[in-house]
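Asker: A predicted structure for the sequence below; I have some questions about it.
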Amino acid sequence: MERFKLTDDGVIDQEKEEAIASSSRDNPNWNEYLDWHSQGTGPSFFEKCKHKLSYAVWGQHKRLVELYSKKVHAGISRDSEFIKNDLKTGVLSSSDLQILLDCVEKAPLMPRVASDHIPGYYFDKNFSKLEAGWAEHFRYFDLRGESESIQKVFLNLVPEIRACFGHDFRIVNFNCWGMQPSSAGFGANAWHTDGFPPGIYKVLIYLTPPGRERGSSEVLLPDGSSKMVEGPAGTWVLFNATTLYHRGVPAISGERTIMNVTVVPAFKGAMLPVFAGLNANFPWFPWSVPLPSQL
Ligand SMILES: [Fe+2]
């Protein structure tokens, strides 16, 4: 999630930003959106250059992976829902859901602080101004001791997600949080895009049943319609968080709990999660991601 929005070319997309802001003015959370969005400073010239370079490199990386996969996965049957909407929903098996619930049950809590990001990842330099707000509305689960269980569950998702992309992918960031009803309109619960470089996608796994009652996410689809993610606990959604505007929807009462997973195109899949930190956004370059042997 970024203060400033970038197009696929790494240019600040003020026009699109203004369009979504205009359409949100009837939203009761508009003031909170403004408050959130106006905090902090914009990118420096050096940061803009680094973003442009990052976008160019990830774009080329994606093209190379696609080219390579045309041979390796030549017979793959692509997912039609994903091709149409850049979004795909599915549901974990009950045994995989139970594995994840068990992980969260025994996980300690961890604070979301500005310094929590590993090297090589873009992070929010203005984050400290929002620390108190995040602490008030959210609680974060420390799953760093549960890598193998998470990997096991994700390995079962590989065929469905590979059918969406048409190529392999790897996890480059993983975190898990509970969101309170008081969080309406705060941070990522206002309409926004994530501003990732090309090819980088989000997978959200809902550990509470997503919907208006128990909390969910709302996504604006390419045809202009709005989709509220709904289903049983264990529902997941894969979507392009850079091109599709979206927002978190808190529960009416109780906590909405999700796992938030960032994935990138890869020549060889890797489902061992990278815990890049709660203030880590995306890896600047493909070589910025720690190797599985370093995890
Ligand atoms: Fe987002």
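Answerer: Yep, it's here.

Asker: from here on, contacts and neighbour counts on C-alpha atoms
Answerer: OK.

Asker: Find the nearest non-adjacent residue to Pro290, please.
Answerer: Once flanking residues are discounted, Pro290 sits nearest to Val274: 7.5 Å by CA to CA, 6 or more residues apart in numbering.

Asker: ok, the one you found - how many residues close by?
Answerer: Neighbourhood size, Val274 [other CA atoms under 10 Å]: 24.

Asker: Then Ala233?
Answerer: Neighbourhood size, Ala233 [other CA under 10 Å]: 20.

Asker: Then the one 4 residues further on?
Answerer: Around Val237 there are 17 other residues, counting by other CA under 10 Å.

Asker: so what's it up against?
Answerer: Val237 makes contact with Leu87, Lys88, Thr89, Gly90, Lys202, Val203, Leu204, Ile205, Val229, according to CA atoms under 8 Å, 6 or more residues apart in numbering.

Asker: Report the spatially closest residue to it, excluding sequence-adjacent ones.
Answerer: Spatial nearest neighbour of Val237, chain neighbours left out: Thr89 (4.3 Å); criterion: CA to CA, 6+ apart.

Asker: What's the separation between that neighbour and Ala163?
Answerer: Between Thr89 and Ala163 the distance is 13 Å, computed by CA to CA, to the nearest Å.

Asker: Likewise for Trp284?
Answerer: Trp284 is 26 Å from Ala163, by CA to CA.

Asker: hang on, the earlier thing: so among the contacts of Val237, which ones count as buried?
Answerer: Neighbour-count burial (16 or more other CA atoms under 10 Å) applied to the contacts of Val237 gives Leu87, Lys88, Thr89, Lys202, Val203, Leu204, Ile205, Val229.

Asker: of those residues, closest to Leu53?
Answerer: Nearest to Leu53 among the buried ones among the contacts of Val237: Lys202, at 21.4 Å, using CA to CA.

Asker: Three-state assignment for Val264, please.
Answerer: Under DSSP: H, G, I helix; E, B strand; the rest coil, Val264 falls in the strand class.

Asker: before we move on, what about the one 10 residues further on?
Answerer: For Val274, the reduced secondary structure class is coil; criterion used: three-state DSSP.

Asker: same check, this time on Gly254
Answerer: Following three-state DSSP, we place Gly254 in the coil state.

Asker: hey, where'd the strands end up in the protein?
Answerer: With DSSP state E as the criterion, the chain has strands at 87-91, 109-110, 121-123, 138-141, 169-179, 201-206, 216-220, 226-228, 235-239, 246-249, 256-265, 280-283.
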